[in-house]
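In: here is a sequence together with a model predicted from it:
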Amino acid sequence: MRLSVVGCGYVGLVTGACLAEAGHEVICTDIDEKRIAELQAGGVPIYEEHLDKILQSARTAGKISYTSDAGEAIRKSDAIFICVGTPPKENGDADLSAIDHVARQIATESRSSKLVIEKSTVPARTGLELRRALTAYSRNSGLTFRVASNPEFLREGTAVSDFFHPDRIVVGVEDESSARDMREIYRPILERSFSCPVHNNGTCPSGSAVDLLITTINSAELIKHASNSFLALKISYANVIADLCEKIGANVEEVTHAMGLDSRIGTPFLRAGLGFGGFCFPKDLQAFIHLAGTVGVDFDILKAAERVNKQRIERFFDKVRNALWVVKGKRVAVLGLAFKANTDDIRFSPALEVVKELLRQGAQVLASDPEAIS
Ligand SMILES: NC(=O)c1ccc[n+]([C@@H]2O[C@H](COP(=O)([O-])OP(=O)(O)OC[C@H]3O[C@@H](n4cnc5c(N)ncnc54)[C@H](O)[C@@H]3O)[C@@H](O)[C@H]2O)c1
């Protein structure tokens, strides 16, 4: 299929590259002209393992191209993935202005009917608003715009591998033909008929088949927020257990490891530390709490997870003060600046909060990170 991707960030570029590697024709566009120029010149603006390799091979095969002209990308494709940012507003709600901007472009630049796929993380009911906006902005052009929600579950650091080996693919649709098109887009992944850039010889070890779950648009949107919020909750839970272990005299790693071996619990995301950061968990948690509030559902359990997370830096500084006595004038090394390992993404990184506090208290900071230095 001829696909376009609007927004070439961590999600958009990985999505575009992987779909091109899987055999589709992909045209990528971004409002950031410098980013497009860098991609056109063969550069890779973000660090993600394997991404350089697949961008190069898709480019050599003529499967991927880039344009800063959104209209061109829209007109040349049958289906459009919206992968723009949805940052938090001050009240915790998601800022959907970039999605609205893209909706207007799609409605006015299209010359034929399109499938518009919402991949950005958005609050439930956004897809329905998106369809309404597309119809309103296209001003009786006679074109039809079908909308699908296809939330992304990839993790920065293992994004390419996650795209090719997802736990599940969730697709929210309103009609049969959109479900058919989405299945066609993901057919190479579902049938494992791609040459795997992650595994040796391009062949993935045999494993269970990937589920493509067809749901309503509202459910698909809710699945994403509910999943991320649950993982954030798990991290905060581990952090409270850590506080308790310190007071009682137990080893949190022993405790969480043993807990995680229970198949009903699982070890991932049960690690105590500085708390969660990045461009997803903090904002998705806020947006989910906000959404629940607008419909009169009090999500106290998530508010507690957020509160615990906000206290992590302060608690960490209690340890720093205990160790250093006076922080002012001390030289402190900070190992790791990105919000987690194997990425260059520093957005909402707890490490930066640590650095800021160290500087505020008069320490001299020497920081290092394998990917996030620039
Ligand atoms: N980063 C992740 O791990 C991850 C995982 C799953 C879902 N998501 C969601 O995916 C979305 C994108 O996240 P990201 O991390 O890729 O963000 P990002 O900031 O890395 O990328 C967004 C890109 O969109 C571009 N953009 C913004 N407005 C635009 C417009 N009007 N037209 C064209 N391009 C525009 C920006 O220039 C940027 O390159 C967010 O909703 C996020 O919550 C992110």
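Out: Noted; the coordinates are in hand.
In: buried residues, stretch 297-310. List them.
Out: 299, 302, 305-306, 308-309 (16 or more other Cβ atoms under 10 Å). The way it works is simple: take the backbone N, C-alpha and C, and place the C-beta from them, glycine included.
In: okay, now whatever residue of the stretch 1-150 of the chain ends up closest to the ligand: neighbour count?
Out: Proximity to the ligand, evaluated over the stretch 1-150 of the chain using Cβ to the nearest ligand atom, is greatest for residue 9 at 1.8 Å. By other Cβ atoms under 10 Å, 19 other residues sit near residue 9.
In: the chain should start at 41 in everything you say after this.
Out: All set: I'll call the first residue 41, so the last point we hit is now residue 49.
In: test my guess that it contacts residue 122.
Out: No - applying Cβ atoms under 8 Å as the test, residue 49 and residue 122 come out as separate, 11.8 Å apart.
In: pLDDT of the longest helix anywhere in the chain, averaged?
Out: Counting by DSSP state H, the longest helix found in the chain is helix 257-288. Per-residue pLDDT over helix 257-288 has a mean of 98.
In: elements contacting it?
Out: When contacts are defined as 3 or more Cβ pairs under 8 Å, 6 or more residues apart in numbering; DSSP states H and E, helix 257-288 packs onto helix 166-177, strand 185-189, strand 208-212, helix 292-300, helix 321-334, helix 340-350.
In: quick revisit: in JSON lines: the buried residues of stretch 337-350, plus pLDDT.
Out: As requested, the buried residues of stretch 337-350 are exported to JSON lines (pLDDT from 0 to 100):
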{"residue": "339", "pLDDT": "95"}
{"residue": "342", "pLDDT": "98"}
{"residue": "345", "pLDDT": "98"}
{"residue": "346", "pLDDT": "97"}
{"residue": "348", "pLDDT": "98"}
{"residue": "349", "pLDDT": "98"}
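In: could you single out the nearest of those residues to residue 358?
Out: Relative to residue 358, the closest of the buried residues of stretch 337-350 is residue 348; by Cβ to Cβ it sits at 15.0 Å.
In: show me the contacts for the closest residue to the closest one other than its chain neighbours.
Out: Take residue 348 and drop its neighbours on the chain: the residue closest to it by Cβ to Cβ, 6 or more residues apart in numbering is residue 276, 4.0 Å away. The contact partners of residue 276, taken as Cβ atoms under 8 Å, 6 or more residues apart in numbering, are 315-316, 344-346, 348-349.
In: ok, of these, which one's closest to the ligand?
Out: Among the contacts of residue 276, and counting by Cβ to the nearest ligand atom, the member closest to the ligand is residue 316, at 12.1 Å.
In: pLDDT wise, what is that closest one at?
Out: On the pLDDT scale, residue 316 gets 97.
In: I'd say it and residue 349 touch.
Out: Yes - Residue 316 is within contact range of residue 349, at 5.9 Å (criterion: Cβ under 8 Å).
In: anything in contact with each of those two?
Out: 272, 275-276, 322.
In: next SSE after the helix or strand containing residue 54?
Out: According to DSSP states H and E, residue 54 maps onto helix 50-61. Following helix 50-61 in sequence order, the next helix or strand is strand 65-69 (DSSP H and E).
In: output the contacting helices and strands for that next one.
Out: Packed next to strand 65-69, using 3+ Cβ pairs under 8 Å, 6+ apart, are strand 42-46, helix 50-61, helix 73-80, strand 104-107, helix 110-115.
In: who does it pair up with?
Out: Next to strand 65-69 in the sheet, as set by DSSP bridges, lie strand 42-46 (parallel), strand 104-107 (parallel).
In: ranking these by burial, who's on top?
Out: strand 42-46 (a mean of 24; mean count of other Cβ atoms under 10 Å).
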